[in-house]
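Student: pasting the structure only:
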């Protein structure tokens, strides 16, 4: 009796425990992709709702979702001429026309990207640009090689009470991100954004205040960069939903600007951007803390791709 009772209460052997643990781990390995897929779909739905909501916001002068259903190289066979826009790639559908207005001989992308409409003027690539992985599966961004390519849109930006935001991912410690200027190639520069001092974000408003953050963001991860400026609050740089640095200058003294350049800044050591950009917006009001946080929460991927 004693021997039988002892055998019945001895519990599991090491081998039996290892088998049970292995089975549990195997089940978890099957379930994890499903959980991740559900999470990604939820994020995607949240972002779609956010992006579509921007259509009703009249203060959004520019919104480029960089969203595309297929990876596609955007390039032309002939070197681009930035002084006339001839032979440059078109990143948004155009209507009609003649060679000097770009239509016909260039790669043209559809205006709506899976139902997300672009807001603002057409965007021109003054060199070859390539669709690349965005912040999650099936969301595309644009890749920049740092070799001189940048994007141009014709728009008169506000002198004050405005915001610029974009998602970036780079490992370059010193490169240009954005500037407002007066020509396609530019010889007046204002409201610039760039990285310097080992990956710290900078902004400058004419005439003439520069501010620099303290956080290094050239870590090859996605970051939301927001630059706001107003006479009430001066200029501010936000990184990933939080204020990074502030300044006093909230209004530009240069009213000659009619263009924006994305992926380039004159003040940077390496003027051209090297990395990826996924979404860009120019807003004719100063975004407040809740709006900046909302943009970050709507678009945050949570993990490096």
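Tutor: Looks like it arrived, so ask away. Keep in mind the model is a prediction, meaning the values are calculated, not measured.
Student: Dihedrals phi and psi, residue 219?
Tutor: Dihedral angles of residue 219 (phi, psi; degrees, to the nearest 10) stand at phi -100, psi 10.
Student: pretty sure it contacts residue 200?
Tutor: No. If you go by C-beta atoms under 8 Å, residue 219 and residue 200 don't touch, sitting 11.8 Å apart. Where you see a C-beta, it was placed from the backbone N, CA and C, and this is true even at glycine.
Student: Comparing these two, which shows the higher neighbour count?
Tutor: A count of neighbours by other C-beta atoms under 10 Å puts residue 200 above the other of residue 219 and residue 200, at 21 against 13.
Student: That one and residue 223, how far apart?
Tutor: Using C-beta to C-beta, to the nearest Å, residue 200 is found at 12 Å from residue 223.
Student: Show me whatever sits in contact with both of the two.
Tutor: Common neighbours of residue 200 and residue 223, counting by C-beta atoms under 8 Å, 6 or more residues apart in numbering, are residue 217.
Student: Looks like residue 225 contacts residue 236 (just checking).
Tutor: No. Look at residue 225 against residue 236 with C-beta under 8 Å: they stay out of range, at 11.5 Å.
Student: Where does the prediction get shaky in the stretch 1-150 of the chain?
Tutor: 1-12, 30-40, 67-118, 122-131, 137-138 (pLDDT under 70).
Student: Could you do the stretch 201-305 of the chain as well?
Tutor: Within the stretch 201-305 of the chain, the stretches with pLDDT under 70 are 301-305.
Student: What residues does residue 281 make contact with?
Tutor: Residue 281 neighbours (C-beta under 8 Å, 6+ apart): 54, 60, 62, 63, 64, 163, 164, 165, 166.
Student: what's the closest of the residues you listed to residue 260?
Tutor: Closest approach between these and residue 260, by C-beta to C-beta: residue 62, at 7.3 Å.
Student: quick one: residue 263 from residue 161, how far?
Tutor: According to C-beta to C-beta, residue 263 and residue 161 sit 25 Å apart.
Student: Who has more neighbours out of these two?
Tutor: residue 263 (32 against 18).
Student: surely that one meets residue 176?
Tutor: Yes. Using C-beta under 8 Å, residue 263 is in contact with residue 176, at 7.0 Å.
Student: shared neighbours of the two, which are they?
Tutor: Counting by C-beta under 8 Å, 6+ apart, the contacts common to residue 263 and residue 176 are 150, 272, 273.
Student: Now a PyMOL select for only the buried ones of those residues.
Tutor: Buried residues within the shared contacts of residue 263 and residue 176, by 16 or more other C-beta atoms under 10 Å, are selected in PyMOL with:
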select buried, resi 150+272+273
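Student: Redo the shared contacts of residue 263 and residue 176 as JSON lines? Include distance to residue 42 and secondary structure.
Tutor: Formatted as JSON lines, the shared contacts of residue 263 and residue 176 follow (distance: C-beta to C-beta, whole Å; DSSP: H, G, I helix; E, B strand; the rest coil):
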{"residue": "150", "distance to residue 42": "34", "secondary structure": "coil"}
{"residue": "272", "distance to residue 42": "36", "secondary structure": "strand"}
{"residue": "273", "distance to residue 42": "31", "secondary structure": "coil"}
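Student: I'd like the shared contacts of residue 263 and residue 176 written out as TSV, with distance to residue 120 added.
Tutor: As requested, these are exported to TSV (distance: C-beta to C-beta, whole Å):
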residue	distance to residue 120
150	17
272	23
273	20
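Student: if we take the shared contacts of residue 263 and residue 176, which one ends up nearest to residue 22?
Tutor: Looking across the shared contacts of residue 263 and residue 176 and measuring by C-beta to C-beta, the closest to residue 22 is residue 273, at 48.0 Å.
Student: so where's the longest strand in this structure?
Tutor: For the chain, the strand with the greatest residue count under DSSP state E is strand 274-283.
Student: Mind listing the strands that strand pairs with, and their directions?
Tutor: strand 60-64 (antiparallel), strand 140-145 (antiparallel), strand 162-169 (antiparallel) (DSSP bridges).
Student: Alright, I will stop here.
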